[in-house]
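K.L.:
Sequence below, structure please.
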Amino acid sequence: MKDLTKGNDIKVILQFAFPIFLANVLQLTYSFVDTRMVGEFLGENALAAVGVTNPLNTLVVGLMIGITNGFSVITARFFGAKDAEGVKRAAAASYVLGTLVAAVLSIISVVFLYPLLNVLNTPQDIFERAHDYIIIIFAGMIISVFYNVCMGILRAIGDTVTPLLFLALSAVINIAGDYLCLYIWKMDVEGAAYATLASQFIAAAACIIYSVKRYECIRFVPAQCRVDMSLAKQMLMSGLSMGFMNSIVSLGTVSLQSAINTFGEDIIVAHSAARKITEMFMMIFSVFGMTMATFCGQNIGAGKVSRVKAGLKHSILMAWIWCVGTVVAAWTTGPWLIHLVTGSSIDEILQTGALYLRIDTLFYFVPAMIAIIRNSMQGIGDHITPIISSSIELVGKVLVVILLVPHFNYTAIIMAEPIVWILMVIPLIVRIIKNPLLQN
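P.N.:
Numbers count the residues shown, from 1 in each chain. Next up, the predicted model:
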């Protein structure tokens, strides 16, 4: 456990963030390996089928992850306020409410999967493979929820090392599962989905058992699983706000993907690979965002407002340093990075993906601010402004698809995100400056 309300704020933030950073590197690395293995063992058609589901996967799973992260913000506030009973109740409520969320999301996503894939303009030659892959992921949502709830509770009490260790376990199992399912057992894309769920199930079970035995402060009894309305309201407001924030952003990505899917298989593969690399490049933003959500939650709980403001400023400056490195990497190694992810040597795939990276990285300083400020606002209890900002992104991307894609094709896709980033950061900056809690 780590108390984020004491010590030098930069040092505390970095110590808390570093295991999260390693966890993100690990997660994205095995995501790259997973993508590469699908392409290597099943071919580019299967790779396109899995790639085309990425925005839909991010939409539904991102909603779930956002909700569980929102639950952990409330747990962090109780921990910062030194309310031991509150921490136990919030931990128990996270599992109870998380189970309900998983059931609802699984039913809705499975029932409406065919219409959703049609809305995405999924090409017919990869439609069934895309369906077979993503329906397994959606049906197993309860596994993902328990996995993420446990990780969120541990981060809320200041432990980012244990989630890293269990993520490593999950990664190893996932890669081994891919090898078994795709190469040894000759399964199709559904093998990759089963490997993902199996790895999360084992990691979630091990994490829950370990955390309950290791930390008395989150060891609750059945009676504490009865969630009272006041606590449920707090957790659902925080959880749904972060979840909707994620899903609104993902809806914008889905709208872009629906246009991308009309450009042919090579563009789909190039964009899917570029997005994988973008996730790697931008992971530090989510790392500092997750850190600041917990940092602000604990410090607001402890009543340390000046510490919140200092942490916000320093985390943005540290993220900007990373942005410089991403620009250099994109402009010097772009085609090689696309080849590394896809295994393809087709020039159109390599050059298209590299162009996306080179243009968008120039604007990364803006989404760095967005991720950090947005999550900080969740930590201090502002659940509305982040949704407004995310809604601007959704509207902007939809307008790009309607107005620009017909005239500029994939070039419009490349420019879509920088345009909306600049628009959506404005309300965040205005509101964080004027937030009443930060005026002291």
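
K.L.:
Now do I300 against G39, distance only.
P.N.:
46 Å (CB to CB, to the nearest Å). (C-beta placed from N, C-alpha, C; glycine too.)

K.L.:
isn't G353 right next to R275, touching?
P.N.:
No. Checked against CB atoms under 8 Å, the pair G353 and R275 is beyond contact range at 9.0 Å.

K.L.:
Looking at those two, which has the bigger crowd around it?
P.N.:
Neighbour count, other CB atoms under 10 Å: between G353 and R275, G353 has more, with 30 against 22.

K.L.:
ok, the spatially closest residue to L197 that is not a sequence neighbour - how many residues close by?
P.N.:
Sequence neighbours aside, G140 is the residue nearest to L197 in space, at 4.2 Å (criterion: CB to CB, 6 or more residues apart in numbering). Neighbour count for G140, taken as other CB under 10 Å: 19.

K.L.:
Let me know the pLDDT of G140.
P.N.:
At G140, the model reports a pLDDT of 91.

K.L.:
Does the nearest residue to K6 once chain neighbours are set aside lie in a helix or a strand, and which?
P.N.:
Counting by CB to CB, 6+ apart, K6 lies nearest to V12, which is 7.6 Å off, once chain neighbours are set aside. Applying DSSP states H and E as the criterion places V12 in helix 9-42.

K.L.:
So what's the model's average confidence on that helix?
P.N.:
Helix 9-42 carries an average pLDDT of 83.

K.L.:
Could you tell me how far F32 is located from L340?
P.N.:
Between F32 and L340 the computed distance is 8 Å (CB to CB).

K.L.:
Pick out whichever of those two has more residues nearby.
P.N.:
Neighbour tally, F32 and L340, criterion other CB under 10 Å: the higher count belongs to F32, 19 against 14.

K.L.:
Contact partners for the more buried one?
P.N.:
276, 280, 340-341 (CB atoms under 8 Å, 6 or more residues apart in numbering).

K.L.:
ditto for M282
P.N.:
M282 neighbours (CB under 8 Å, 6+ apart): 326, 364, 367, 371.

K.L.:
And those, which is closest to R358?
P.N.:
Nearest to R358 among the contacts of M282 is T326, at 10.4 Å by CB to CB.

K.L.:
Identify the spatial nearest neighbour of the closest one, chain neighbours not counted.
P.N.:
Distances taken as CB to CB, 6+ apart put F281 closest to T326, at 4.3 Å, once the chain neighbours are dropped.

K.L.:
what helix or strand does the one residue sitting closest to the centre of the chain sit in?
P.N.:
With distances taken as CA atoms, centre = their mean, the chain has G62 as the residue nearest its mean C-alpha position (5.6 Å). Here G62, judged by DSSP H and E, is contained in helix 54-80.

K.L.:
which residue packs closest to I384, ignoring adjacent ones?
P.N.:
Excluding the flanking residues, the one nearest I384 by CB to CB, 6+ apart is S241, at 7.6 Å.
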